[in-house]
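Engineer: Model the structure of this input:
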Amino acid sequence: MPVAHAQQDNTNFLTYANTDLGFTIKYPPYWAVNNSNVVNGHKVIFTSADRVGIVFVQIQNATQYEIAI
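Structural biologist: Predicted coordinates:
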């Protein structure tokens, strides 16, 4: 049985960039960005207009040893 793959045109996506935390992410223009916890919690939340879709990005400092595990 063939597998169906969803594909979305992302040419109109917006770009969120945070140089302090070192990441960039593209997201749909109708999604909300909540970056109120970037300074203390190192996290950004992207939420769809209908609040069904959520993307949670959290950046944590890790040592080279912790990354290798």
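
Engineer: what are the ranges of the helices in this structure?
Structural biologist: 38-41, 64-68 (DSSP state H).

Engineer: May I ask which helix or strand of the protein has the lowest mean pLDDT?
Structural biologist: None of the helices or strands of the chain scores lower by mean pLDDT, DSSP states H and E than helix 64-68, at a mean of 58.

Engineer: Please report the distance of residue 13 from residue 22.
Structural biologist: 20 Å (C-beta to C-beta, to the nearest Å). To be clear about C-beta, it is placed using only N, CA and C from the backbone, and glycine gets the same treatment.

Engineer: who has more neighbours, these two?
Structural biologist: residue 13 (14 against 8; other C-beta atoms under 10 Å).

Engineer: Nearest residue to that one in space, ignoring adjacent ones along the chain?
Structural biologist: residue 26 (4.1 Å; C-beta to C-beta, 6 or more residues apart in numbering).

Engineer: Who is the one you found paired with across the strands?
Structural biologist: Note on residue 26: beta-bridge partners residue 15, judged by DSSP bridges.

Engineer: So for it, what's the pLDDT?
Structural biologist: On the pLDDT scale, residue 26 is placed at 92.

Engineer: got the contact list for the closest residue to residue 22 other than its chain neighbours?
Structural biologist: Ranked by C-beta to C-beta, 6+ apart and with sequence neighbours excluded, the top spatial neighbour of residue 22 is residue 59, at 7.4 Å. Going by C-beta atoms under 8 Å, 6 or more residues apart in numbering, residue 59 touches 21-23, 42-43.

Engineer: Now do stretch 12-30: everything it contacts.
Structural biologist: So stretch 12-30 is in contact with 8, 10, 33, 35, 38, 42, 44, 46, 48-49, 55, 57, 59, going by C-beta under 8 Å, 6+ apart.

Engineer: which parts of that stretch are buried?
Structural biologist: Across stretch 12-30, burial judged by 16 or more other C-beta atoms under 10 Å covers 16, 21, 27.
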